[in-house]
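Colleague: Would you be able to build a 3D model of this:
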Amino acid sequence: MNSYSMVRLPWGGEISFYVFWLVFGALISAVWTVYRADRHGVGGFGAALFTVMAGALALVLGRAVYCGVRYERLFFDPRGEFIGLSPYLDLTQGGISVIGVLLGVLLAAALAGAITRNSGLRLLDCAAVPGLMLFACARFIEPMNGSGFGDLITNEAFCRFPFAIENGFGDFSLSVSFIEAVLAALIGLFMLVFDRFCKRKGTLAGVSMALLCVSQIMPESLRLDDMLFLFIFARVTQMGYGVLLLSTLVAGLIRGRKRGLSGKSIALEIFLLLLGVGVVIGAEFALDKTNWPHNAVYAGMIAALLGMGILVVHRLAKEDRGPHAAPAQEDDPEDEEAEVENVEGKRKA
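Modeller: Prediction:
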């Protein structure tokens with residue numbers, strides 16, 4: 001993280017405007033999550049514990065993923081000698097991986113749910129909309145940190161924020177972070193309405209995760225700043241979104257299996273999603289290693305992503321609306337239908 005504009009703290013010291021607004025947004029998201037606790041049938045203490053653990057684990061795992069990919073640059077000097085793990089704690093050296101952040105939130109939901117005897121899925125439902133809005137906020141203010149940019153822009157009409165970011169040479173680059181922020185905010189608004197129609201725990205969180213992953217994969221391809229790569233052209237963030245999307249589909253298929261979904265249907269849906277992932281990987285390879293028209297490649301990538309999103313959301317929505325499995329097959333021992341009636345009664349109240 002780079003510290004550009006700084007703000008002085010009342011108790012002494014100073015932090016960058018980027019960190020200030022990021023922390024402020026995180027606090028609002030945490031309060032919002034706790035406020036939604038009763039709506040989703042979890043206690044305020046459980047939601048509060050979840051937000052605290054999510055913040056801590058998101059930072060720890062986000063930094064761990066980043067440093068794990070960049071370990072040679074961070075933990076070894078130019079001569080190849082190991083200099084220790086202290087760079088992990090120095091946020092001025094590199095950044096934080098959004099995939100690690102998402103994994104931290106998921107882990108926090110599982111741990112907080114176990115500690116407070118709440119459903120981790122319900123905790124994730126509480127945090128779905130606030131989390132999407134926090135994601136949008138973090139991406140929107142990213143230019144304050146000097147990151148989130150893509151190719152140079154030559155059209156003067158767009159050479160201004162939020163469409164472009166000015167670099168140290170006076171040139172303007174595409175503000176990829178703004179595109180990602182707008183997409184995340186739109187999904188958050190949609191999920192705010194969609195929440196009223198969800199009947200089962202985890203549906204809101206699953207659809208939110210699926211739409212976020214699908215919407216962010218293509219913009220990540222436009223980024224030129226501080227990218228994390230594996231296998232030369234494979235971007236860690238895009239691969240992480242793909243894994244999370246596949247995991248979300250698998251979670252929906254597990255529910256479907258409990259109510260009698262055939263093995264052929266399960267295999268077909270997994271195959272189709274993996275096919276879509278393969279198309280996206282192929283598109284990234286084509287952008288990096290061939291002279292194919294970029295517009296055509298991006299069109300193919302967007303088509304594949306739309307298909308993947310429709311596939312996963314359709315499965316999750318179908319399991320939310322479909323006939324419920326017997327109580328003994330549910331995650332909780334309580335009757336699922338009674339659960340639904342209880343939550344809907346609280347919403348009406």
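Colleague: Determine the number of other residues adjacent to the closest residue to Ala283 other than its chain neighbours.
Modeller: Nearest residue to Ala283, sequence neighbours excluded (CB to CB, 6 or more residues apart in numbering): Met301, at 4.1 Å. (Glycine included, C-beta is placed from N, CA and C.) When counting by other CB atoms under 10 Å, one arrives at 22 neighbours for Met301.
Colleague: for Met301, what are its contacts?
Modeller: Residues near Met301 by CB atoms under 8 Å, 6 or more residues apart in numbering: 217-218, 221, 279-280, 283.
Colleague: let's see 10 Å
Modeller: 217-218, 221, 276, 279-284, 286-287 (CB atoms under 10 Å, 6 or more residues apart in numbering).
Colleague: name the element it belongs to?
Modeller: In the assignment (DSSP states H and E), Met301 maps to helix 294-321.
Colleague: What are the buried residues along that helix?
Modeller: By neighbour count, with 16 or more other CB atoms under 10 Å as the criterion, the buried positions of helix 294-321 are 297-298, 300-301, 304-305, 307-309, 311-313, 315-317, 319-320.
Colleague: which residues in this structure form strands?
Modeller: 6-8, 14-16, 149-152, 164-166, 172-175, 229-230, 234-235 (DSSP state E).
Colleague: I'd like the ones you listed as CSV, with mean neighbour count, mean pLDDT and distance to Ile266 appended.
Modeller: As requested, the strands of the chain are exported to CSV (neighbours: other CB atoms under 10 Å; pLDDT from 0 to 100; distance: least, CB to CB, whole Å):
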stretch, mean neighbour count, mean pLDDT, distance to Ile266
strand 6-8, 12, 64, 52
strand 14-16, 15, 71, 48
strand 149-152, 17, 88, 38
strand 164-166, 21, 84, 44
strand 172-175, 22, 90, 40
strand 229-230, 12, 69, 28
strand 234-235, 17, 76, 27
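Colleague: Which one, of the ones you listed, ends up nearest to Arg122?
Modeller: strand 234-235 (32.6 Å; CB to CB).
Colleague: Residues contacting that closest one, please?
Modeller: 217, 220-221, 223, 227-229, 241-242, 281, 284-285, 288.
Colleague: what separates that strand from the chain centre, distance-wise?
Modeller: Distance of strand 234-235 from the chain centroid (CA atoms, centre = their mean, to the nearest Å) equals 17 Å.
Colleague: Show me the shaky parts of this protein.
Modeller: Scanning the chain for pLDDT under 70 picks out the ranges 1-14, 168, 226, 229-233, 322-349.
Colleague: mind redoing it with 50?
Modeller: 1-3, 325-338, 340, 343, 349 (pLDDT under 50).
Colleague: Could I get the full set of helices for it?
Modeller: 17-35, 44-69, 71-75, 98-116, 120-140, 176-194, 203-222, 236-258, 263-289, 294-321, 336-348 (DSSP state H).
Colleague: which parts of the second one are buried?
Modeller: Judged by neighbour count using 16+ other CB under 10 Å, the buried positions of helix 44-69 are 46-51, 53-55, 57-58, 60-67, 69.
Colleague: Go ahead and confirm Ala108 touches Gly120.
Modeller: Yes - between Ala108 and Gly120 there is a contact at 8.8 Å, judged by CB atoms under 10 Å.
Colleague: quick one: common contacting residues for the two?
Modeller: Phe50.
Colleague: related to what we said a few turns ago, possible to save the contacts of strand 234-235 as TSV with distance to Gly94?
Modeller: Formatted as TSV, these follow (distance: CB to CB, whole Å):
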residue	distance to Gly94
Ile217	22
Glu220	17
Ser221	21
Arg223	15
Met227	12
Leu228	9
Phe229	14
Tyr241	20
Gly242	23
Ile281	25
Glu284	22
Phe285	26
Asp288	22
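Colleague: top of the residues you listed by neighbour count?
Modeller: Ile217 (27 neighbours).
Colleague: give the contact list for that residue.
Modeller: By CB under 10 Å, 6+ apart, the neighbours of Ile217 are 235, 237-242, 245, 277, 280, 283-284, 301-302, 304-305, 308-309.
Colleague: switch to 6 Å and redo it
Modeller: 238, 241, 305 (CB atoms under 6 Å, 6 or more residues apart in numbering).
Colleague: Enumerate every residue touching the first one.
Modeller: Taking CB under 6 Å, 6+ apart as the criterion, Gln238 is in contact with 217, 220.
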